[in-house]
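J.: my questions are about this predicted structure, shown below with the sequence.
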Amino acid sequence: MRPDAARFYDEEHVCRHGAIPEPVRSTLFGHGAVHTLDGAEHRLRNSCSTSLVTPESTTSLIECVAAAWADTVLTWQPGLVVVLFDEASRALTTGVRRWPGSPSEAPRIPARELPLVGQDIR
């Protein structure tokens, strides 16, 4: 790692609070996310998640997601179209749920039908 790259994490040079525009913070992270905290509050919250990232846990997560992908692909019918985004969402969610031991067979939520461009949504 370059020495000057470490300055990003130097709390004297970084202020996270208020750095992310409100629409992005509300939509992607939520209020109070670790990305918006500074000082001791940031260090405490960040340590909660980074303590989980070990070589063993990462390998386990990869194995769970790979198995979920394999299970997903087996459900595809030859000759039928699949919507890759929807299938990826389900496979990734299932794999991540399996990782900590949560039930992987959550109720299937039907995909929302989105209106076509120019279609009346009333």
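T.: Done, it's in.

J.: break this protein into its domains for me.
T.: Domains of the chain are assigned by automatic domain parsing as 3-50, 54-122.

J.: let's have those domains in JSON lines, adding mean neighbour count and mean pLDDT.
T.: Every C-beta, even on glycine, is put in place using the N, C-alpha and C of the backbone. As requested, these are exported to JSON lines (neighbours: other CB atoms under 10 Å; pLDDT from 0 to 100):
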{"stretch": "domain 3-50", "mean neighbour count": "11", "mean pLDDT": "77"}
{"stretch": "domain 54-122", "mean neighbour count": "11", "mean pLDDT": "80"}
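
J.: quick one: the strands in this structure?
T.: For the chain, no strands turn up when DSSP state E is the criterion.

J.: state which helix of the protein is the longest.
T.: Criterion DSSP state H: the longest helix present in the chain is helix 55-74.

J.: which residues does it contact?
T.: With contact meaning CB atoms under 8 Å, 6 or more residues apart in numbering, helix 55-74 is reached by E87, R90, A91, L92, T94, G95, V96, R98, W99, S104.

J.: just put those residues in JSON lines and tack on distance to R45.
T.: Converted to JSON lines, these look like this (distance: CB to CB, whole Å):
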{"residue": "E87", "distance to R45": "33"}
{"residue": "R90", "distance to R45": "29"}
{"residue": "A91", "distance to R45": "29"}
{"residue": "L92", "distance to R45": "24"}
{"residue": "T94", "distance to R45": "27"}
{"residue": "G95", "distance to R45": "25"}
{"residue": "V96", "distance to R45": "20"}
{"residue": "R98", "distance to R45": "25"}
{"residue": "W99", "distance to R45": "20"}
{"residue": "S104", "distance to R45": "27"}
